[in-house]
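[1] got a predicted model here, sequence first, then my questions.
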Amino acid sequence: MNAQYSPPINPLLEPVLLSEGILCRNRIALAAMTHYSAPEDGSVAEPELAYIRRRSAGPGIVFTACVAVSPCGKAYDGEPAAHDDRFLPGLSVWAKVIKDQGARAILQLHHGGGVCPPRLVPYGDVVSPSGIATPDRSPVTPRALSDTEIEVIIEAFGSATTRAVKAGFDGVEIHGGYGYLPQQFLSPYTNRRQDRWGGTREKRHAFPLALLVAARNAAKESADRPFSVGYRFTPEEALDPGLTMDDALAFVDALVDQGSDYIDVLVNDFRSPPRRGSMQKDRSRLCHIAQTVAKRVPVLAGGAIYTEADAHEALAMGVDFVTMARALIIDPEWVQKVATGQSGSIRSLLAPDEREALTMPAPFWNVIWKAPGWFPGV
Ligand SMILES: Cc1cc2nc3c(=O)[nH]c(=O)nc-3n(C[C@H](O)[C@H](O)[C@H](O)COP(=O)(O)O)c2cc1C
């Protein structure tokens, strides 16, 4: 009798759990990407929907653009919002469009803090933990938040989570990376407070962890279905005194202990080694983080993954899901090509006349083409 032949399963395409009850059809995620295209009134316009619909047909998870949880947290023109119930209809359409394509839909919650442009926040009042300027990100010196204001922002993350539940999302992700408010609290450069929110590494964890708890509690109270609450962060900073990989590994443990359903690591290159810290520098940051998490929760990570081989290399570092942003702009059918053995035909460059062919909203396309070197081909 012939033994039955079963072809090897491509590990990228295996169904896998993001958290309890949230099964994803594969290990590929469309990373969160600001699209600069939301109308002022917070509704969701067709160009954004068409853009995300097409890019939701392959990945297991689709993260939305970051959305402002508070008017004082808006950091981009065309940033969507989730700080009021009036945004619910738009958020609901967004979730449905993604889920109808078979992907899990995760809303990314955001507060820009001290790097928000004054023209985007009420009264130009830019706020941060300690009123410390970060000249590489913004020419503005922000104002230090009061204890009460901090509590209000934490509640806003909870309320936005409740809206995400009502809108039909499968989860929320706290955007704790790229120098935004949660990272401003984590970093010894921007957090010089000497109260319960700063002064030691543990106290600098207090605000990010409070956001996680607020989101988890809101989900527990409002969701009668599985719902994921995760955290995205940037492991290191170039600033001095800034975050180091030692800080990152301590924070990862704190996130897992506090019940983050998954850890999403934001780095621009998945192969990048630690910049500072006491660990070996000949292994990538992702290897160190995956080793510290030790499969207690899934780790999501990416950064400069363009080819199928890149994605396999990232998985081999111990990552559970690969996150991809620019590659899925350049080739919206990247996943389908891998799934059908056509990874050789994956597109690798953008060209200026392709906006409509790639289903890209005009404001998004224009931002990309004003930033030479950001995307391959630009
Ligand atoms: C246009 C654009 C917008 C982005 N917006 C966000 C965002 O809203 N939230 C976030 O966490 N990361 C954001 N990122 C970072 C990406 O999610 C990703 O981590 C980064 O681009 C590296 O991955 P890649 O090499 O696959 O592009 C953005 C990246 C791009 C290119």
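    Cool, got the structure. Numbering: from 1, shown residues only.
[2] buried set for stretch 104-123?
    104-117, 120-121 (16 or more other Cβ atoms under 10 Å). The C-beta positions use only the backbone N, C-alpha and C, and glycine is treated the same way.
[3] contact partners for Ile28?
    Contact analysis of Ile28 by Cβ atoms under 8 Å, 6 or more residues apart in numbering lists Leu12, Gly58, Pro59, Gly60, Ile61, Ala311, Phe321, Val322, Met324, Val335.
[4] nearest to Tyr36, of those residues?
    Met324 (19.3 Å; Cβ to Cβ).
[5] now do the contacts for that closest one.
    Ile28, Ala29, Leu30, Ala31, Pro59, Gly302, Ile305, Ala311, Trp334.
[6] sketch out the low-pLDDT regions of the stretch 1-150 of the chain for me.
    1-3, 7-8, 42 (pLDDT under 70).
[7] just the helices in it please.
    46-55, 88-100, 147-167 (DSSP state H, counting those that start in this stretch).
[8] on that earlier part again, filter the contacts of Met324 by proximity to the ligand?
    Ala31, Gly302, Ile305 (Cβ under 6 Å from any ligand atom).
[9] so can I have JSON lines of the residues you listed showing distance to Gly341?
    Compiled in JSON lines, the ones next to the ligand among the contacts of Met324 are given as follows (distance: Cβ to Cβ, whole Å):
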{"residue": "Ala31", "distance to Gly341": "24"}
{"residue": "Gly302", "distance to Gly341": "22"}
{"residue": "Ile305", "distance to Gly341": "19"}
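[10] between those residues, which is nearest the ligand?
    Ala31 (3.3 Å; Cβ to the nearest ligand atom).
[11] the buried residues of stretch 104-123 in strands, which ones?
    Among these, the ones falling in strands (DSSP state E) are Arg104, Ala105, Ile106, Leu107, Gln108, Leu109, His110.
[12] rewinding a little: ok, so of the contacts of Ile28, who is nearest the ligand?
    Distances from the ligand to these, taken by Cβ to the nearest ligand atom, are shortest for Met324, at 4.5 Å.
[13] what pairs with that closest one across the strands?
    Bridge pairing for Met324 (DSSP bridges) gives the partners Leu30.
[14] near the ligand, which residues of the stretch 1-150 of the chain are found?
    Residues of the stretch 1-150 of the chain lying near the ligand (Cβ under 6 Å from any ligand atom): Ala31, Ala32, Met33, Thr34, Ala65, Cys66, Gln108.
[15] quick one: which of those has the most company?
    Cys66 (28 neighbours; other Cβ atoms under 10 Å).
[16] what sits against the closest residue to Leu209 other than its chain neighbours?
    Leaving aside its chain neighbours, Leu209 sits nearest to Gln258 (4.9 Å; criterion: Cβ to Cβ, 6 or more residues apart in numbering). Neighbouring residues of Gln258 by Cβ under 8 Å, 6+ apart: Leu209, Leu212, Val213.
[17] can you redo the helices of the stretch 1-150 of the chain as TSV with mean neighbour count and distance to Asn268?
    Output for those, formatted as TSV (neighbours: other Cβ atoms under 10 Å; distance: least, Cβ to Cβ, whole Å):
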stretch	mean neighbour count	distance to Asn268
helix 46-55	19	20
helix 88-100	19	25
helix 147-167	19	26
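[18] circling back to that earlier point, rebuild the residues of the stretch 1-150 of the chain next to the ligand as a markdown table, extending it with distance to Ile150.
    Putting those into a markdown table (distance: Cβ to Cβ, whole Å) gives the following:
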| residue | distance to Ile150 |
| --- | --- |
| Ala31 | 28 |
| Ala32 | 24 |
| Met33 | 28 |
| Thr34 | 25 |
| Ala65 | 25 |
| Cys66 | 20 |
| Gln108 | 21 |
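[19] can you list which of those residues are found in strands?
    Using DSSP E, those in strands are Ala65, Cys66, Gln108.
[20] the protein: strands as residue ranges?
    Under DSSP E, the chain gives strands at 16-19, 22-24, 28-30, 61-68, 104-110, 127-128, 143-144, 171-176, 228-233, 263-265, 299-302, 321-324.
[21] among the ones you listed, which comes closest to Asn191?
    strand 127-128 (8.7 Å).
[22] picking that back up, what's the closest of the ones in strands among the residues of the stretch 1-150 of the chain next to the ligand to Ile346?
    Among these, and counting by Cβ to Cβ, the member closest to Ile346 is Ala65, at 23.6 Å.
[23] any regions of the stretch 201-350 of the chain where pLDDT drops low?
    Short version for the stretch 201-350 of the chain, where the test is pLDDT under 70: none.
[24] number of residues surrounding Leu17?
    Neighbours of Leu17 (other Cβ under 10 Å): 15.
[25] tell me who's in contact with it.
    Here Leu17 is in contact with Leu23, Cys24, Pro298 (Cβ under 8 Å, 6+ apart).
[26] same question for Thr141.
    Gly131, Ile132, Ala133.
[27] of these, buried ones?
    If we count by 16+ other Cβ under 10 Å, the contacts of Thr141 have these buried: Ile132, Ala133.
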